Each structure stands twice: as structure tokens, then as C-alpha cells.
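S.K.: sequence unavailable; structure follows:
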Ligand SMILES: [Fe+2]
Ligand SMILES: [Fe+2]
């Protein structure tokens with residue numbers, strides 16, 4: 001099977017057609033001088049839309065009696081409960097995407113869309129199960145606060161759009177396991193910061209049990225990040241014909257707040 005590192009009919013660079021590329025460069029120069037291609041017009045449109053746009057979404061009102069009680073208690077303490085609930089919803093959306101990412105990566109491993117990545121199926125399965133467990137943890141945290149975990153919070157919506165590219169890359173049949181791992185690496189980096197932030201805020205809001213659970217999730221995420229990094233760097237070393245370098249076993253992640 002051909003690999004992306006084989007030489008092929010890639011004609012995207014300007015050196016492939018010097019005459020056309022010269023015309024293209026001339027055209028770009030001419031275009032810059034034309035008033036119609038000035039960025040002022042598009043900037044003005046962006047400014048108008050940005051000034052007038054409604055928020056991307058709003059937080060759902062508490063649908064249960066418990067939710068009303070919890071919200072009232074938090075407001076009395078001077079906290080804005082919606083901020084924490086929005087963060088929980090955001091992580092929930094992200095963990096759902098994480099679970100799906102590992103599902104598609106497993107298919108690539110099974111179908112041999114890898115040459116050099118030293119990845120074990122059991123590791124992928126374990127990480128997938130942990131992502132799913134994190135999803136459940138967040139759903140029950142939202143329920144404990146009287147919120148509906150099926151509601152898409154504004155940040156969940158934003159995160160779902162932000163991660164669309166990660167899923168699109170990983171589920172593309174042409175993408176190799178190594179290429180998909182690059183998308184997974186982006187997800188795991190964000191996962192680490194996400195859980196760090198969430199455990200910190202949970203602790204400061206006095207949700208001590210949740211904070212403890214979230215710190216355990218962060219430990220899982222640190223392990224995911226370390227593994228994905230080592231699979232990816234190992235595969236790149238092997239592709240490039242380099243002797244694998246010994247690497248530190250742990251990721252460079254800040255320690256969770258205690
Ligand atoms: Fe996760
Ligand atoms: Fe993860």
C-alpha cells in the first residue's frame with residue numbers, strides 16, 4: 001500500500017509550473033492594488049456582524065426542583081452557577097468526541113493503516129473506556145447540580161465545532177494511524193488543560209468530591225498524553241529512519257491543584 005511519504009503526483013507547489021506560478025504571482029500583485037480586494041470592506045462587514053451578533057447560545061434554566069434549589073443557593077453565596085455548569089457541559093462534549101476519536105483510531109490499527117506506530121489495541125481500548133467514563137462522570141456531576149446533561153451548553157457548542165476538524169481528519173479513510181494520532185494529540189493537550197481547569201474551579205467552589213474525581217480524570221489524561229506523544233514521536237522516528245530517542249515517560253503537565 002502506498003504511504004503518504006512516498007513520492008507521488010503532488011502538484012501543489014509553485015515549482016511544478018514556473019510559467020503559471022509567475023502569472024499567479026503577477027495576478028496577486030495586481031489584485032492587491034485593486035480597491036475591490038482591500039480588506040477594509042470585509043473588515044467592515046466583520047465589525048458590523050460582531051457588534052450585532054447574539055451570543056452563540058444561552059444556558060438552559062434549571063428544569064428540576066433540585067436545579068432551582070442549587071442555583072438559588074449558589075447565587076446566595078455570590079457565585080454564578082451557570083459558569084461551572086457551562087464548563088461541565090464543555091468537557092462533556094469534549095469527552096464524547098474523545099471517545100469517538102479512539103473508536104476511529106482503532107479501526108485504522110485493525111485495518112493496517114499504519115506502518116511504524118507501536119500502538120497496542122488494549123491501550124486504545126483502555127483510553128477509549130476512560131474517555132467514556134469521564135463523559136459519565138461529567139453527566140452525573142451535572143445531574144448532582146440539578147442540571148440536564150443532555151442540554152448543549154454554549155461552550156459545549158463552541159467545543160463541538162472546534163473539534164469537528166479532529167474527527168473529520170481521524171475518520172477520513174485515507175488518513176493513516178500516525179496522521180490520526182496528530183489530531184488525537186491536539187485533543188489530549190486540550191483535555192489536560194480542561195480537566196486541570198475544571199478540578200481547580202470545582203475545588204474553589206467547594207465541590208470537594210467532584211474536584212477529587214476530576215483530579216483522578218486528570219491523571220488519566222496525563223497518561224493519555226504521554227502515550228500519544230510517544231506513539232507519534234516513535235512513528236515519526238521510524239518513518240524518518242532515525243534511531244528512536246529515549247524520551248521522558250511523563251508529559252509536561254502542570255500538577256493539579258490540591
Ligand atoms: Fe478525556
Ligand atoms: Fe484523553
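M.R.: Received it, and whenever you're ready, just let me know what you need. These figures come from a predicted structure and were not determined experimentally. Ligands and ions are numbered 1, 2, ... in the order given.

S.K.: in what helix or strand does residue 206 lie?
M.R.: Using DSSP states H and E, residue 206 sits within no helix or strand.

S.K.: that one and residue 89, how far apart?
M.R.: In this structure, residue 206 and residue 89 are separated by 20 Å, where distance is defined by CB to CB, to the nearest Å. Every residue, glycine included, has its C-beta placed from N, CA and C.

S.K.: how many neighbours does the nearest residue to residue 218 once chain neighbours are set aside have?
M.R.: Taking CB to CB, 6 or more residues apart in numbering as the measure, residue 218 lies nearest to residue 195, with 4.0 Å between them; neighbours along the chain are not counted. Using other CB atoms under 10 Å as the criterion, residue 195 is surrounded by 25 other residues.

S.K.: same question for residue 231.
M.R.: 24.

S.K.: so who does it touch?
M.R.: With contacts defined as CB atoms under 8 Å, 6 or more residues apart in numbering, the neighbours of residue 231 are 117-119, 181.

S.K.: for residue 87, give me the pLDDT.
M.R.: In this prediction, residue 87 carries a pLDDT score of 96.

S.K.: quick check: buried residues in the host helix or strand of it?
M.R.: Mapping residue 87 onto the secondary structure by DSSP H and E places it in helix 81-110. In terms of neighbour count (16 or more other CB atoms under 10 Å), helix 81-110 has its buried residues at 81-82, 84-106, 108-109.

S.K.: what is the orientation angle of the helix or strand where residue 71 lies with helix 81-110?
M.R.: Element membership of residue 71 [criterion: DSSP H and E] is helix 65-76. With axes from the mean of the first three to the mean of the last three CA atoms, to 10 degrees defining the directions, helix 65-76 sits at 120 degrees from helix 81-110.

S.K.: please work out which residues outside helix 65-76 touch it.
M.R.: Taking CB under 8 Å, 6+ apart as the criterion, the residues outside helix 65-76 that touch it are 62, 80-81, 145-148, 205.
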